[in-house]
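1. got a sequence here, can you build the structure:
(2 chains)
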Amino acid sequence: MAGHPLIGGADLAVLLAYFVAILGAGAWAARRSRGLADFLLGGQRFSWWLVAFSCVATVVGSYSFVKYSAAGFRYGLSSSQTYLNDWFWMPLWMLGWLPIVYWGRITSVPEYFERRFGRTVRRTATLLLLVYLLGYLGINFLTMGRALEALAGWPLFASAGLAALVCGIYVSHGGQTAVIFTDLFQGGLLLVAGIGLFVAGLAAVGGPAAFWEGLGTTGRAVLPPFAEPPEFNFVGIFWQDAMAGGVAFWFLNQGILMRFLSARSVRDARRAAVFVLLVLMPLAAVAVSGAGWVGRAMAARGLLDPGTPPSAIFVVVAERVLPAGLFGLVTAALVAALMSTADTLVNAIATIVLVDLWRPWRTARGRDRGPELAVARVASAGATVLGFALVPLFAAFGSIYRAHGAFTAAITPPLAVALLLGITWRRFGRAGALATLAGGTAAIVLSFAFPGLVAPFAHGVRLEAGVKAYTYVRALYGLVVSAVLGIGTTLLVRGGAESPGTLVVGPVREMLRSFKGDDPRPGPGPVLLLATEALEEPPPEDPWTPVSVAVHPDDLAALDAREGDLLLVVADHPLRSGWQGFRGRARLDAGTPGGTLRAPADLLHRLGLDPGHRVRVTREL
Amino acid sequence: MLSFVYQETVGGAVFLLGLILAWRAGEVGPRGRGARRLAVLVGGFLLLALCQGTLQWLATR
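-> All right, here's what the predicted structure looks like:
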């Protein structure tokens, strides 16, 4: 049933313009996305800043504006806790997990589980991840429907259907390339609108000093009280978000994995992660919580009813402090947060269907890989339809967010422990991984029936009735039980084979050799400016196979490179170099004129580097 | 400040474990690129801890 519309006129026009713009950005990117390499990993052409900015839209999740503004209104600056606690994982992620997947040419999380533990573990992990991703997608579409129902007065299912349609069209056509370009646009919109709203709110409340005063003593703390109240306490959120959630987001989230694998080098992926965590996430915390903080200060100064429902504070503050038109822009940012999470999920599900279901199925029957790009597109469309089909199911829940939190807590701890033990302990094998995944999940499910099992880990958090019992701190219980099962089983089972060196954190030289297929010579070497020239041969279809590029012997010597070395080629332009680039394997060719680089014509055309364009070339490996 | 101390202690242990593994893998070290990576990681940790610690301390005054 349609609700009473909050926006109309200029605001509605801005919202509709947003939908048109996002479809336009998706179509523009889809034209530059041809093969499977582009669909899955964006052709691995993206510079660090493009990966980083496109990540913002994924980091700011579906509920963020409403949820964090509500928390900011009720509790103050401590609503930012979850945006500032991921750095603890960075040494292991940047220098451990990222090299394993990037240099190991691993496209999906279940693919790692098969290489490391075998087919049975891969199937278990695939099942758990698909259930999680599809459920999360359904909740996203429902959230979007609810938001548009409240804001524009459109019926719930029509709103969710419109969002699903727009998202499905550009993801199934453009894949990862379209996701990155649309998320770049949506991430920028999120930050500008959210921070703009906060700044306008500061002025409305009477300036920074009045704002600080209005927050009150408790509202100025950036971390909540240790164990109280049960619905918002530090220790529960720390274990649920920083520990289990941190691993789930950075190590297990297929969408995040693909985003960083689309970087043109491990170096770019690492730079992107540093920029995201130290610059963009603090800004995103202000963008999503700012309306709530301003609302709290306004209420303290008598400018707003203190009894305003926290879940409505984002819209109430935006309506109060922004002129017509700008409110539409903020509404578009709210929709962008929802869309950008949904598009990443759709692309991630398509990848898992292709890599972890389609390929093993074809291989088991002794067939070739078949029409993979078509399969990926159909999987994207299918995921969108299936996600939309789940909307009525989740709409039946009284509190979707709490149900989703409980659902997530039941799935992520065993996966997180299995992956962490897998990448850090060579002896941890198939039996330990199965005990962790199956036993850990069973133990968590059991804790819903017997919440007393979680009590020893509760850190003083009070027990609530029903499914709300220990919602957050259950993650600590899940992590501990899964770890005990995994470690115990590994110690008890004798004679398990140790993992190959490239699948655990260890000396990177073996990983580099495996990636290059030859003795690695880590760069970057000298930079050389060359002009492009077309080579009449098709680029490889496999996303991990570098194209062959022909270079004159003198130029190769100037690059301090040899035949077979991997070269990074990017446009000689400060902005376009962000997406106009690729990795090539050097081929010595005396027939190539000096000062030029010859690469497949189709690739050059797709990247906008047609013959005669100047490119910067350097040795990568 | 209990929340802050708990976060930095448990989170710091995770951070340190990651650094030790990265050190053994040769990804961080006392010289060259390894030292630069170490500086970025430790610098980021200290920056976030300093910002959160200061704001948390100010709230108790």
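2. going forward, measure contacts between C-alpha atoms and count neighbours the same way
-> Noted.
3. once you drop chain neighbours, what's closest to A:F515?
-> Spatial nearest neighbour of A:F515, chain neighbours left out: A:W103 (5.0 Å); criterion: C-alpha to C-alpha, 6 or more residues apart in numbering or on different chains.
4. same question, A:R583
-> For A:R583, ignoring the flanking residues on the chain, the nearest one in space by C-alpha to C-alpha, 6+ apart is A:L568 at 4.8 Å.
5. how about the secondary structure of the one you found?
-> strand (DSSP: H, G, I helix; E, B strand; the rest coil).
6. run a quick neighbour tally on it.
-> Look at A:L568: counted by other C-alpha atoms under 10 Å in any protein chain shown, it has 23 neighbours.
7. that one pairs with what?
-> Beta bridges link A:L568 to A:R583, A:T618 when assigned by DSSP bridges.
8. that one and A:L621 touch, don't they?
-> No. A:L568 lies out of contact with A:L621 (C-alpha atoms under 8 Å); the separation is 9.2 Å.
9. which residues does the residue nearest to A:F515 contact?
-> A:M511, A:L512, A:S514, A:F515 (C-alpha atoms under 8 Å, 6 or more residues apart in numbering or on different chains).
10. return the helix or strand harbouring the second one as PDB; C-alpha atoms alone will do.
-> What that stands for is A:L512. Per DSSP states H and E, A:L512 falls inside helix A:508-516. Taking C-alpha atoms only, helix A:508-516 is exported to PDB below (Å, rounded to 0.1, in the frame of the first residue of the first chain):
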ATOM      1  CA  VAL A 508      55.700 -14.200  -1.500                       C
ATOM      2  CA  ARG A 509      58.400 -15.200  -4.100                       C
ATOM      3  CA  GLU A 510      56.700 -18.600  -4.700                       C
ATOM      4  CA  MET A 511      53.300 -16.800  -5.200                       C
ATOM      5  CA  LEU A 512      55.000 -14.300  -7.600                       C
ATOM      6  CA  ARG A 513      56.600 -17.100  -9.600                       C
ATOM      7  CA  SER A 514      53.300 -18.900  -9.800                       C
ATOM      8  CA  PHE A 515      51.500 -15.600 -11.000                       C
ATOM      9  CA  LYS A 516      54.100 -14.800 -13.600                       C
END
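11. any idea how far that helix is from the chain center?
-> 26 Å (C-alpha atoms, centre = their mean, to the nearest Å).
12. what is the mean pLDDT for it?
-> Taken as a whole, helix A:508-516 has a mean pLDDT of 88.
13. note down every partner strand of the helix or strand containing A:A531 and its orientation.
-> Assigned by DSSP H and E, A:A531 belongs to strand A:528-535. Partners of strand A:528-535 in the sheet, by DSSP bridges, are strand A:596-600 (parallel), strand A:614-619 (antiparallel).
14. max-length helix in chain B?
-> With secondary structure taken from DSSP state H, chain B has its longest helix at helix B:32-60.
15. return the residues of chain B in contact with chain A.
-> B:2-4, B:7, B:11-12, B:14-15, B:17-19, B:21-22, B:24-27, B:41, B:44-45, B:48, B:52, B:55-60 (C-alpha under 8 Å from any C-alpha of the partner chain).
16. repeat the analysis, applying 6 Å as the threshold.
-> Within chain B, the positions near chain A by C-alpha under 6 Å from any C-alpha of the partner chain are B:S3, B:G11, B:F15, B:G18, B:L19, B:A22, B:A25, B:Q56, B:A59.
17. output those residues in JSON lines, with neighbour count, secondary structure and pLDDT appended to each entry.
-> Below are those laid out as JSON lines (neighbours: other C-alpha atoms under 10 Å in any protein chain shown; DSSP: H, G, I helix; E, B strand; the rest coil; pLDDT from 0 to 100):
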{"residue": "B:S3", "neighbour count": "19", "secondary structure": "helix", "pLDDT": "92"}
{"residue": "B:G11", "neighbour count": "21", "secondary structure": "helix", "pLDDT": "96"}
{"residue": "B:F15", "neighbour count": "21", "secondary structure": "helix", "pLDDT": "97"}
{"residue": "B:G18", "neighbour count": "23", "secondary structure": "helix", "pLDDT": "96"}
{"residue": "B:L19", "neighbour count": "24", "secondary structure": "helix", "pLDDT": "97"}
{"residue": "B:A22", "neighbour count": "25", "secondary structure": "helix", "pLDDT": "95"}
{"residue": "B:A25", "neighbour count": "18", "secondary structure": "coil", "pLDDT": "90"}
{"residue": "B:Q56", "neighbour count": "22", "secondary structure": "helix", "pLDDT": "91"}
{"residue": "B:A59", "neighbour count": "17", "secondary structure": "helix", "pLDDT": "84"}
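18. relative to A:P540, which of those is nearest.
-> B:A25 (32.3 Å; C-alpha to C-alpha).
19. okay, now A:A590: neighbour count?
-> 12.
20. please name the nearest non-neighbouring residue to it.
-> In space, A:A590 is closest to A:H552, 5.3 Å off (C-alpha to C-alpha, 6+ apart).
21. can you tell me how far that neighbour sits from A:D560?
-> 13 Å (C-alpha to C-alpha, to the nearest Å).
22. could you check which of those two has the larger neighbour count?
-> Using other C-alpha under 10 Å, the more surrounded residue of A:H552 and A:D560 is A:H552, with 20 against 17.
23. who are the packing partners of whichever strand or helix holds A:Q176?
-> Using DSSP H and E, A:Q176 sits within helix A:156-205. When contacts are defined as 3 or more C-alpha pairs under 6 Å, 6 or more residues apart in numbering or on different chains; DSSP states H and E, helix A:156-205 packs onto helix A:10-31, helix A:36-41, helix A:48-59, helix A:119-152, helix A:281-300, helix A:326-352, helix A:372-389.
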